[in-house]
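Peer 1: Dropping the sequence and predicted coords here.
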Amino acid sequence: MDKKTAHIANKPQQKYTLMLVPNHSGKIYRFSVLAWIPKTIATLLMFTVCSLAFGTFYFSSELKDTQGDLYTEKALTNRLSQENEEHLDEIAFLKSEYQKIDKELASLKQLEHQVMDMVGLETDSDESGANRFAIENSSQSGLEDEHPIFAMVSRSASMRSAGPGLEEYHVDVEYLNNLISSQRNKMEQLVGDVEDQLEYLEAKPNKWPAQGRISSPFGERISPTNRRTTEFHQGIDIANASGTPVIASGSGIVTYSGYNGGYGRMIIISHGYGYTSVYAHNSQNLVDVGDQVAEGDTIARMGQTGRATGPHLHFEIRVHGEPKDPIDFLE
């Protein structure tokens, strides 16, 4: 070893001495420690304090970030909850609208049945208005199970390129309401037209006025009272026994009931729409002027009053005063 190294090795280590001296006479205690030990302890304490300070700052920052995330999550949860409540309100509104639509469809179905009854068509009483518009084999559930028409809305919406939102269902509801309103107006107009048509058909004289055989057709004929001459026969003659019931060929109002020369006892009925019918040679008239008669009502008894060679009914149909062949009208 060289002199420098030997000098360092032989150099005495620095120490600190701690003396404990009592107030009264007694033993004095001495504690000696190497000088590097307090320094090391102080360094460790400083490192520990710094570590604790850094850890406290770090975890405090993390806690603030976590609290911020929690606040964000809470705000998001509150917003989603609010949106969910709004959607529930929207769904409740849509369910209410669909219930109204179901009622409208049932009402339209009732109108349809009314029209079909008017024209004598059979109706299916078990079929509801909503079921006619139900989409079979639908994969949807929930509202669609309660309201079949919902399937039509969701199906039409699913066909769009973008996913349907509640606002799109609102558009569909508005469209359906407008469609139903339009169809209702058309159906009500149809009901009115059918009623007018039925009134016309009921008024139009097309029912045979009496049983018997046609003894003389419409048109040119040899006069039954003067075989040497011809005449234009303005109606048809239906022969049968005296007293055979004569019925109204259509509904209308009696405008004449009395005795009229060669026609004998005669009745004229105005059916409206330009139609009138004539019933002549009656043995007895059973209605008076102003009477409202329905198709098929008995209005007279067959006879041979006036210019007649035997008991029969002379029957005419006039359109705006012009005589027409009754055979073209009678069913």
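Peer 2: All right, it came through fine. Residues are numbered from 1 along each chain as shown.

Peer 1: Tell me how many other residues crowd the residue lying closest to G261 once chain neighbours are set aside.
Peer 2: Leaving aside its chain neighbours, G261 sits nearest to G306 (6.6 Å; criterion: CB to CB, 6 or more residues apart in numbering). In short, each C-beta sits where N, CA and C put it, glycine included. Neighbourhood size, G306 [other CB atoms under 10 Å]: 17.

Peer 1: And the pLDDT at G306?
Peer 2: With respect to pLDDT, G306 scores 93.

Peer 1: my read is it is in a strand, agree?
Peer 2: No - under DSSP: H, G, I helix; E, B strand; the rest coil, G306 sits outside any strand and is assigned coil.

Peer 1: I figured it hits Y263, correct?
Peer 2: Yes - with contacts counted by CB atoms under 8 Å, G306 reaches Y263, the gap being 5.0 Å.

Peer 1: Can you check which residues contact both of these two?
Peer 2: Shared contacts of G306 and Y263 (CB atoms under 8 Å, 6 or more residues apart in numbering): 280-281.

Peer 1: Could you tell me the phi and psi values at the residue nearest to G261?
Peer 2: phi 80, psi -150 (degrees, to the nearest 10).

Peer 1: Identify the bridge partners of M302.
Peer 2: N282 (DSSP bridges).

Peer 1: Which neighbouring elements make contact with the host helix or strand of L94?
Peer 2: Here L94 sits within helix 36-118, counting by DSSP states H and E. In this structure, helix 36-118 packs against helix 129-132, helix 143-146, helix 148-158, helix 166-203, with contacts taken as 3 or more CB pairs under 8 Å, 6 or more residues apart in numbering; DSSP states H and E.

Peer 1: next one: phi and psi at G296?
Peer 2: Per degrees, to the nearest 10, the backbone of G296 is at phi 100, psi -10.

Peer 1: contacting residues for the closest residue to it other than its chain neighbours?
Peer 2: Of all residues not flanking G296 in the chain, I247 sits nearest, at 5.4 Å (CB to CB, 6+ apart). Residues in contact with I247 (CB under 8 Å, 6+ apart) are 207, 209-210, 296-299.

Peer 1: now these as CSV including pLDDT and secondary structure?
Peer 2: Formatted as CSV, these follow (pLDDT from 0 to 100; DSSP: H, G, I helix; E, B strand; the rest coil):
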residue, pLDDT, secondary structure
K207, 94, coil
P209, 97, coil
A210, 97, coil
G296, 94, coil
D297, 96, coil
T298, 97, strand
I299, 98, strand
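
Peer 1: Now that we have these, which of them are buried?
Peer 2: 207, 209-210, 299 (16 or more other CB atoms under 10 Å).

Peer 1: between those residues, which is closest to G192?
Peer 2: K207 (25.0 Å; CB to CB).

Peer 1: so what are the domain limits for the chain?
Peer 2: 104-203, 213-328 (automatic domain parsing).

Peer 1: Tell me which of those domains is the most buried.
Peer 2: domain 213-328 (a mean of 17; mean count of other CB atoms under 10 Å).

Peer 1: And it, end to end?
Peer 2: 16 Å (CA to CA, to the nearest Å).

Peer 1: With stretch 231-249 instead?
Peer 2: 25 Å.

Peer 1: How about stretch 292-309?
Peer 2: 32 Å.

Peer 1: swap in stretch 309-326?
Peer 2: End residues of stretch 309-326 are separated by 21 Å (CA to CA).

Peer 1: Now do that stretch, average pLDDT.
Peer 2: 95.

Peer 1: circling back: by mean pLDDT, show me the worst of the helices and strands packed on helix 36-118.
Peer 2: helix 129-132 (a mean of 42).

Peer 1: Let me know how buried L44 is, in neighbour terms.
Peer 2: 10.

Peer 1: any idea how far C50 is from it?
Peer 2: Distance of L44 to C50, computed by CB to CB, to the nearest Å: 11 Å.

Peer 1: what does T66 give?
Peer 2: From T66 to C50 the distance is 24 Å (CB to CB).

Peer 1: ditto for H87
Peer 2: Taking CB to CB, one finds H87 at 54 Å from C50.

Peer 1: Please apply the same query to S257.
Peer 2: 129 Å.
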